[in-house]
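>>> model the following, please.
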Amino acid sequence: MDVLEVYRTVVPEDAAARAEDAFGNDKPDWVTFTSSSTVKNLLTVLDRKNLEGVRIASIGPVTSETIRKHGLTVDCEANPHTIEGLVAGIAAWRPS
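Reported below is the predicted structural model:
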């Protein structure tokens with residue numbers, strides 16, 4: 001069996017500085033995670049406390065589980081588990 005690496009996710013060298021800029025004084029309203037690796041990669045360059053007050057959207061149950069394992073709350077999970085579902089979920093979101 002041949003294994004073909006189609007893609008891999010890596011953290012860019014400037015990711016920490018970019019994350020600090022994005023989550024500084026003027027935090028975003030939402031952060032979206034489209035895979036478990038996006039959760040893990042962001043948390044390698046950004047302290048979890050910087051996500052306080054930011055709503056979190058997940059593309060699906062596997063990603064949501066990873067988010068929760070890192071002590072964060074999922075505010076919105078896409079249904080269907082696509083980018084379109086993610087956008088629709090955020091647009092339809094209402095506070096509890």
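>>> bridging residues for the most centrally placed residue in the chain?
The centre of the chain sits closest to Phe33, judged by CA atoms, centre = their mean, with a distance of 2.5 Å. Counting by DSSP bridges, Phe33 forms beta bridges with Ser58.
>>> and stretch 55-62, C-alpha only, in CSV?
Extracted in CSV, the C-alpha atoms of stretch 55-62 (Å, rounded to 0.1, in the frame of the first residue of the first chain):
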residue,chain,number,x,y,z
ARG,A,55,-17.8,32.9,20.5
ILE,A,56,-16.5,29.6,19.0
ALA,A,57,-17.9,27.8,16.0
SER,A,58,-17.1,24.3,15.0
ILE,A,59,-17.5,22.5,11.7
GLY,A,60,-18.6,19.2,13.3
PRO,A,61,-18.6,16.8,16.2
VAL,A,62,-15.0,15.7,16.1
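>>> give me the buried positions along that stretch.
Across stretch 55-62, burial judged by 16 or more other CB atoms under 10 Å covers Arg55, Ile56, Ala57, Ser58, Ile59, Gly60. (C-beta placed from N, C-alpha, C; glycine too.)
>>> mind listing the helices for this protein?
With helices called from DSSP state H, the chain shows them at 15-22, 36-45, 61-69, 83-92.
>>> list the contacts of the last one.
Looking back up the chat, that one is helix 83-92. Applying CB atoms under 8 Å, 6 or more residues apart in numbering, the contact partners of helix 83-92 are Trp30, Thr32, Thr34, Ala57, Ser58, Ile59, Cys76, Glu77, Ala78, Asn79.
>>> what's the most distant pair in these?
Trp30 and Asn79 (16.5 Å; CB to CB).
>>> now do the lowest-mean-pLDDT helix or strand in the chain and helix 36-45, the angle between them.
When each helix and strand of the chain is scored by mean pLDDT, DSSP states H and E, helix 15-22 comes last, with a mean of 92. Between helix 15-22 and helix 36-45, the angle comes out at 80 degrees (axes from the mean of the first three to the mean of the last three CA atoms, to 10 degrees).
>>> buried sites along helix 15-22?
Quick answer for helix 15-22 (16+ other CB under 10 Å): Ala19.
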